[in-house]
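Enquirer: Sharing a model prediction with you, sequence too.
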Amino acid sequence: MTKPHETAAPLPEPRHALVVGGSGMLRGTCLALARAGWTVGVVGRDEKRLRGMAEEARAAAGAIHAIVTDYEDTDRYAEVLRRYVAAQPPVRVLISWVHGGAEQALAATVREVERKPLASRTLLEVRAASVDGSAPPPSSAVALGPGWSRSLAMLGFRVEQDGRPHWLTDNEIAHGLARAVAEGGRVLTLGDLQSWSV
């Protein structure tokens, strides 16, 4: 308890992350954040997979909230996300792996997240290289309000000692994205983006 002339220390910012498209290759990232004490909202279509992630996080004293919706249905998605955001502390980190055909999903997510003000936030956009080594650019058309920092993580592949390529593992992705969140404001390449012969 503080004395009348003392000022209480400011409360730390909420450790709340929202991961859009997090039940597949970003599963390890979501679980790592939950184990590190973050509250993690995970958007995905597969309810069974999302519930399994929530149970696994709970067993490790973490918290994952399953947000079962399809971000390709922008109106329904925004409605579901609005209810989730209203019931939780402000989102400090938004990790988005939105695949083609759902260009409005990231803009809708940012709009809903910004309903709860916060002095600083991070948007981490995740993109995957293709076999030919190409990857789409970040969604630079999405307007961000004040206080946001933006990072881009490009997921590539690793080459085995025998010269055969393989996609990054969940663990490699989780470690790399944790680094991207910590460092912020830059482009981070995980693995090799150069093309390979199939």
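Expert: It's in. Residues are numbered from 1 along each chain as shown.

Enquirer: and the residue nearest to the spatial centre of the chain, backbone torsions?
Expert: Per C-alpha atoms, centre = their mean, the C-alpha nearest to the average position across the chain is that of Ile95, at 2.0 Å. Dihedral angles of Ile95 (phi, psi; degrees, to the nearest 10) stand at phi -110, psi 120.

Enquirer: What of Ala32?
Expert: Backbone torsions of Ala32, given as degrees, to the nearest 10, read phi -60, psi -40.

Enquirer: Spit out the contact partners of it.
Expert: Ala174, His175, Ala178 (C-beta atoms under 8 Å, 6 or more residues apart in numbering). Using the backbone N, CA and C atoms, a C-beta is placed for each residue, glycine as well.

Enquirer: three-state assignment of the second one?
Expert: So that's His175. Assigned with DSSP: H, G, I helix; E, B strand; the rest coil, His175 falls in the helix class.

Enquirer: can you start the count at 47 instead of 1 from here on
Expert: Okay, using 47 as the starting number, the last item reads as His221.

Enquirer: Just the pLDDT for the closest residue in space to it that isn't next to it in sequence.
Expert: Computed as C-beta to C-beta, 6 or more residues apart in numbering, the closest residue to His221 that is not its neighbour in sequence is Ala78, at 7.9 Å. pLDDT, Ala78: 89.

Enquirer: Next: the one 3 residues further on.
Expert: In this model, Arg81 is scored at 89, pLDDT.

Enquirer: Gly237 too?
Expert: 69.

Enquirer: Not counting its neighbours along the chain, what's nearest Val131?
Expert: Closest to Val131 by C-beta to C-beta, 6+ apart is Glu158, at 5.1 Å.

Enquirer: Double-check that the one you found belongs to a helix.
Expert: Yes - assigned with three-state DSSP, Glu158 falls within a helix.

Enquirer: Buried subset of the contacts of Ala78, written for PyMOL?
Expert: The buried residues among these can be selected in PyMOL (16 or more other C-beta atoms under 10 Å) with this line:
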select buried, resi 220+221
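
Enquirer: start to end distance for stretch 81-96?
Expert: Distance across stretch 81-96, first residue to last, is 16 Å (C-alpha to C-alpha, to the nearest Å).

Enquirer: Go ahead and name everything in contact with that stretch.
Expert: Under C-beta under 8 Å, 6+ apart, the answer for stretch 81-96 is 60-70, 73, 76, 79-80, 99-100, 103, 106-117, 123, 127, 130, 134-135, 137, 139.

Enquirer: In that stretch, which of the residues would be classed as buried?
Expert: Trp84, Thr85, Val86, Gly87, Val88, Val89, Gly90, Arg95, Leu96.

Enquirer: among these, which are in helices?
Expert: Mapping these onto helices (DSSP state H) picks out Arg95, Leu96.

Enquirer: Turn the buried residues of stretch 81-96 into a markdown table, columns for pLDDT and distance to Ala228.
Expert: What follows is the buried residues of stretch 81-96, written out as a markdown table (pLDDT from 0 to 100; distance: C-beta to C-beta, whole Å):
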| residue | pLDDT | distance to Ala228 |
| --- | --- | --- |
| Trp84 | 91 | 13 |
| Thr85 | 93 | 18 |
| Val86 | 95 | 16 |
| Gly87 | 97 | 20 |
| Val88 | 97 | 20 |
| Val89 | 96 | 22 |
| Gly90 | 93 | 24 |
| Arg95 | 95 | 27 |
| Leu96 | 96 | 26 |
